[in-house]
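S.K.: Give me coordinates for this.
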Amino acid sequence: MTDTVQEWQLAARPVGRPVPGDFRLVERELPAPAEGEVWVRNTFLSVDPYMRALMSAEETGSLAYALDRPMTGGAVGEVVVSRAAGLSPGDLVLSDLGWRTAAVAPAGRFTRLRRVEGVPDSAFLGVLGMPGLSAYVGLTEIAGMRPGDMVFVSGAAGAVGGLAGQIARLRGAKAVIGSAGSAAKVEYLTGELGFTAAFNYKTGPVRELLAEAAPDGIDVYFDNVGGDHLEAAIEALKPNGRAALCGAISGYHDTEPAPGPRNMIELVKKRITLRGFEVGDHAHLQPRFAEEMSGWLAERKITFRETVEDGIGHAVEAFLGLMNGRNTGKMVVRI
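M.R.: The predicted structure is shown next:
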């Protein structure tokens, strides 16, 4: 245990794509835990696309990052000192106190975790965490995927997309198609994750690439990208098709609002449903998700990759790499 912590703060609100100068790494002393508090040393930190929205001046929600204050995000850590019932030194815990090496906070900010044999602790930030639950909720609750559906997943080599595609396969999809940003990622989707087909969206118009991969159309679209992918999916969706809108990374750095899809009339003609969602609204599904996902992992029916950066000093580098598509699977920072 040490009484100091290194933490990243937002030094300036990014304009367009974030740059290293928008962030500041500082060191400060941690107070001793008071009654009802615990001292936790973080071991893994999560960086995620949603964090870009929390850096913007337009973000006014309670989770928005304040300037010159530590940023928040998923973190897995180990309890070092506890002055709270229910948590003991050595316990593995999950919190939103990421972007820092350690934290002192009330016990209610932490969730005690039970390790899964053969699965690294960092998986609670990915396959067993928010990305996994997002994939599960989006497919099962938002899109209402049914056996026999044709499913398209954009950004499929990322933490959420890769799991969405595998869950669709396990839930009886007729075919699962994915898009990714390189030939190596396309091979990862079809060779390791079991996608039926995949394409590199950088090699041509998405509309044409999707039509080639799914000439008879799709029933379900899981959207992580927005933009031209959403427009292409609207064209490809069959009558009564459903889309779960999880993210729109193609527009996260836009300084002006991006134009909407040009074929919105298709929603009317084909009775298509587009439904956005925030995973936090579906926390009640966590137990069901954890049970199913743990079973799939134990039976080796789900596979996942992580892209790991080492050291708190590389957390911003990891985040910027994530936004540039440098990751395959979940991007995490190992402290």
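
S.K.: Quick check on R171: phi, psi?
M.R.: phi -90, psi 10 (degrees, to the nearest 10).

S.K.: Quick check: bridge partners of S82?
M.R.: Each beta-bridge partner of S82 is listed here, defined by DSSP bridges: V38.

S.K.: how near is it to A34?
M.R.: Separation of S82 from A34 (C-beta to C-beta, to the nearest Å) stands at 12 Å. Backbone N, C-alpha and C define where each C-beta goes, glycine included.

S.K.: Count the neighbours of the nearest residue to T255 once chain neighbours are set aside for me.
M.R.: Excluding its sequence neighbours, the residue lying closest to T255 (C-beta to C-beta, 6 or more residues apart in numbering) is G16, at 5.4 Å. Counted with other C-beta atoms under 10 Å, the burial measure for G16 works out to 9 neighbours.

S.K.: Just to be sure, G16 is in a strand?
M.R.: No: assigned with DSSP: H, G, I helix; E, B strand; the rest coil, G16 falls outside any strand and is coil.

S.K.: circling back to that earlier point, looking at S82 and A34, which has the bigger crowd around it?
M.R.: S82 (20 against 10).

S.K.: give the contact list for that one.
M.R.: P33, V38, W39, S88, P89, D91, A107 (C-beta atoms under 8 Å, 6 or more residues apart in numbering).

S.K.: likewise P70?
M.R.: When the contact criterion is C-beta under 8 Å, 6+ apart, the partners of P70 are E7, W8, Q9, W99, R100.

S.K.: Might you list the low-confidence residue ranges for the chain?
M.R.: Residues of the chain meeting the criterion pLDDT under 70: 1-2, 58-62.

S.K.: now the helices for the chain?
M.R.: Per DSSP state H, the chain has helices spanning 51-54, 130-137, 159-170, 183-191, 206-213, 227-236, 265-269, 286-298, 315-323. These are given in chain order.

S.K.: Which of the ones you listed sits closest to R28?
M.R.: Distances from R28 to each of the helices of the chain were compared using C-beta to C-beta; the minimum, 16.2 Å, belongs to helix 315-323.

S.K.: Could you find the closest non-adjacent residue to the spatially most central residue of the chain?
M.R.: Among the residues of the chain, P131 comes closest to the average C-alpha position under C-alpha atoms, centre = their mean, at 4.1 Å. Nearest residue to P131, sequence neighbours excluded (C-beta to C-beta, 6+ apart): A159, at 3.9 Å.

S.K.: pretty sure that neighbour contacts L128?
M.R.: No: under the criterion of C-beta atoms under 8 Å, A159 lies out of contact with L128, with a separation of 11.5 Å.
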